[in-house]
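**Student:** Please work out how this folds:
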Amino acid sequence: MAPNLRLNAVAFISPQNHPILIQTFAKQDEHSIKYHYIAHTSLDVIEERVNAAGKPTDCYLGLLYAMEDVAVYGYITPLKVKIVIAIALSDSVVKDMEVVMVSQNSFQPQPFEPTV
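**Tutor:** Residues are numbered from 1 along each chain as shown. Model (predicted):
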């Protein structure tokens, strides 16, 4: 992950818009419900962007919205699994390529290496 990105949460959402996994990385566990809210509200923005684009050519949806101390980015896989990434807002500029790398690395399976 890029050194200037602080990942607060990642959510995997099924094609039927059911949360598969919402993992928080924030230190305080009391804010975990906040990231459930962020994941659910992101679905509206994702649906709007997918419907407006017609047939999506790019899986990366970019910045969905920013609120308080979190920037929310979206990614949709070819199988229509939605990935919502919540990154802590900071004074540094977040490059789209950094977020794309995080999203792609979050769902790509690791190669199997058999032990001999």
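
**Student:** burial count for Ile22?
**Tutor:** Ile22 has 19 neighbours, counted by other CB atoms under 10 Å. C-beta coordinates here come from the backbone N, C-alpha and C atoms, glycine included.

**Student:** Am I right that His40 is in a helix?
**Tutor:** Yes - using DSSP: H, G, I helix; E, B strand; the rest coil, the secondary structure at His40 is a helix.

**Student:** Pull the contacting residues for it.
**Tutor:** Residues near His40 by CB atoms under 8 Å, 6 or more residues apart in numbering: Pro19.

**Student:** pLDDT score assigned to it?
**Tutor:** Note for His40: predicted pLDDT of 92.

**Student:** Could you measure from it over to Val72?
**Tutor:** According to CB to CB, to the nearest Å, His40 stands 11 Å off from Val72.

**Student:** so where's this protein shaky on pLDDT?
**Tutor:** 1-4, 28-31, 56-57, 91-116 (pLDDT under 70).

**Student:** what about 50?
**Tutor:** 1-2, 110, 112, 116 (pLDDT under 50).

**Student:** For it, just list every one of the helices.
**Tutor:** For the chain, applying DSSP state H gives helices covering 32-53, 96-107.

**Student:** May I see the buried residues of the first one?
**Tutor:** What it means is helix 32-53. Within helix 32-53, the residues scored as buried using 16 or more other CB atoms under 10 Å are 34-35, 38-39, 42-43, 45-46, 50.

**Student:** and of the residues you listed, the nearest to Val81?
**Tutor:** Ile46 (11.2 Å; CB to CB).

**Student:** wait, that closest one sits on Leu64?
**Tutor:** Yes - if you go by CB atoms under 8 Å, Ile46 and Leu64 touch, sitting 6.9 Å apart.

**Student:** wouldn't Ala9 be in contact with Ile33 here?
**Tutor:** No - Ala9 lies out of contact with Ile33 (CB under 8 Å); the separation is 11.1 Å.
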